[in-house]
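Colleague: Below is the structure, and that's it, no one-letter string:
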């Protein structure tokens, strides 16, 4: 399963992209609210204010089924679900389960959560050194090939690129395999892939990256037919997006990581284009000058044409804040801040970003600044995601809540009984919601008001 991170920095993540919530009743009518930056009409900014419900008023979410899991694949770019089935591993056994019923269709021993899923096949790591292909319908093994001379570390992963399986191992470099037969097409063990990512082909060049020292990164351009190294580029770089088949990277000043007494001027955001053919960094775009870049800690940058959003804060503070720039802007008039809404919690995702202030969670529609106040607390929030008209949130006390993105109403609540409540990308199949925590997956009935 792909571990590529083209729009999103870490997950860090991911995934890409999402978090938040609110417990206090809003005390004034929304039509009296102070206008936020980039004023729009009163009608456009008016929202429904939802009072805090009593515990008895919150509808419990219906659990259709649940399963113990080992957390592998939880933060993968592509959720392990296809054709009505969910794939997960537990106690080193891969399970294929019907999302609607929870019935296990088949199991395969000595395997972990799939790396690649197609309509007809599953590709997963088996044991400590093999990649296997299984029938998606029956779980029958179709082929098995050794992909590592030493036990595969956690960082070993595969992705499908065109008609080729690419496999990266932290101590074994990069290799390519035929998905039909499992035959190795080429191998380049000289490419270091510690904490590595396979970014895929850009303008006919296979691009992969890895970390040098957990601060600096190195990018490699490979011939996709032979695996031969064509170029190498290094720097304090993180992927932001792909644009016109080139990668857009965020370049960070080294001074942000080097202690010193003197101030260091720079910019909040430096964007560069990685030339796929040569590996050179071109067309640098510097946004928002700063007197001292040492005071900035950046966690996220993503592009949603024609804008680029960045999440930044101070290294000694927990809060981060969202800023929007216009790509190709020539002056600071095209800079938009969201500080008045509070500290950043999640997004941009699905057209919204989320903020918390005084234990109130606010969602902002990025297109027109319409706001929604949510009827669940922002305090002790662990994670928030938005999918369509539903907002999903978890808390440190084990609570999981689904809310209406348009009104802020709580549609249902679940006490998970968990102490670690980070969850992977929500999977929605029909009227079933899959919530994947590290050691447990819940299949929930989506509240009818959100269907």
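Modeller: That came through, no problem. None of these values were measured; they are calculated from a predicted model.
Colleague: Every contact and neighbour count from this point should use C-alpha atoms.
Modeller: Will do.
Colleague: Which residue ranges of this protein form helices?
Modeller: Along the chain, counting by DSSP state H, helices occupy 42-45.
Colleague: which stretches of it have low pLDDT?
Modeller: 1-56, 153-154, 259, 330-333 (pLDDT under 70).
Colleague: and the closest residue to residue 373 other than its chain neighbours, what is it in contact with?
Modeller: In space, and not counting its chain neighbours, residue 373 is closest to residue 362: 4.7 Å by CA to CA, 6 or more residues apart in numbering. Taking CA atoms under 8 Å, 6 or more residues apart in numbering, we find residue 362 in contact with 21, 22, 341, 354, 355, 356, 371, 372, 373, 374.
Colleague: number of nearby residues for the residue lying closest to residue 404 once chain neighbours are set aside?
Modeller: Closest residue to residue 404 apart from its sequence neighbours, by CA to CA, 6+ apart: residue 390 at 5.2 Å. Residue neighbour count, defined by other CA atoms under 10 Å, stands at 21 for residue 390.
Colleague: ditto for the one 3 residues further on
Modeller: Other residues near residue 393 come to 26 when the count uses other CA under 10 Å.
Colleague: Give me the distance between the closest residue to it other than its chain neighbours and residue 320.
Modeller: Distance criterion CA to CA, 6+ apart; nearest residue to residue 393, sequence neighbours excluded, is residue 384 at 4.3 Å. According to CA to CA, to the nearest Å, residue 384 and residue 320 sit 15 Å apart.
Colleague: more neighbours, those two?
Modeller: With neighbours defined as other CA under 10 Å, residue 384 and residue 320 compare such that residue 384 has more, 24 against 21.
Colleague: Would you confirm that that one contacts residue 346?
Modeller: Yes. Residue 384 is within contact range of residue 346, at 6.6 Å (criterion: CA atoms under 8 Å).
Colleague: which residue ranges form the strands in the stretch 251-400 of the chain?
Modeller: Here the stretch 251-400 of the chain has its strands, by DSSP state E, counting those that start in this stretch, at 266-274, 281-290, 297-304, 307-313, 320-326, 336-337, 343-349, 352-357, 360-365, 371-373, 381-387, 390-395, 399-404.
Colleague: Break the protein down into its domains, please.
Modeller: Structural domains assigned to the chain are 18-28+46-76+345-451, 252-337, following automatic domain parsing.
Colleague: Out of the ones you listed, which gets nearest to residue 227?
Modeller: Residue 227 lies closest to domain 252-337 among the domains of the chain, at 14.7 Å (CA to CA).
Colleague: Run the chain-centre distance for that closest one.
Modeller: 20 Å (CA atoms, centre = their mean, to the nearest Å).
Colleague: Figure out the length between the terminal residues of that domain.
Modeller: End-to-end for domain 252-337, by CA to CA: 20 Å.
Colleague: Same question for stretch 379-390.
Modeller: 20 Å.
Colleague: and it, which residues are buried?
Modeller: For stretch 379-390, the buried set under the neighbour-count rule, 16 or more other CA atoms under 10 Å, comprises 379, 381, 382, 383, 384, 385, 386, 390.
Colleague: which one of those sits closest to residue 61?
Modeller: Of all those, residue 390 has the smallest distance to residue 61: 13.5 Å, by CA to CA.
Colleague: who touches the closest residue to residue 187 other than its chain neighbours in this structure?
Modeller: Nearest non-adjacent residue to residue 187, counting by CA to CA, 6+ apart: residue 175, 4.1 Å away. Neighbour list for residue 175: 166, 167, 168, 184, 185, 186, 187, 188, 189, 227 [criterion: CA under 8 Å, 6+ apart].
Colleague: Give me the neighbour count for residue 419.
Modeller: 11.
Colleague: sorry, back to before: is it true that the residue nearest to residue 404 touches residue 448?
Modeller: No. Applying CA under 8 Å, one finds residue 390 not in contact with residue 448, separated by 11.1 Å.
Colleague: before we move on, the earlier item: closest to residue 104 out of the strands of the stretch 251-400 of the chain?
Modeller: strand 399-404 (25.2 Å).
Colleague: What strands line up against that closest one, and which way round?
Modeller: strand 390-395 (antiparallel), strand 410-415 (antiparallel) (DSSP bridges).
Colleague: okay if I get those strands as CSV plus distance to residue 132?
Modeller: Putting those into CSV (distance: least, CA to CA, whole Å) gives the following:
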stretch, distance to residue 132
strand 390-395, 35
strand 410-415, 37
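Colleague: okay, those strands, which one's buried deepest?
Modeller: strand 390-395 (a mean of 25; mean count of other CA atoms under 10 Å).
Colleague: The strands of the stretch 251-400 of the chain: which one's closest to residue 127?
Modeller: Judging the strands of the stretch 251-400 of the chain by CA to CA, what sits closest to residue 127 is strand 381-387, at 32.7 Å.
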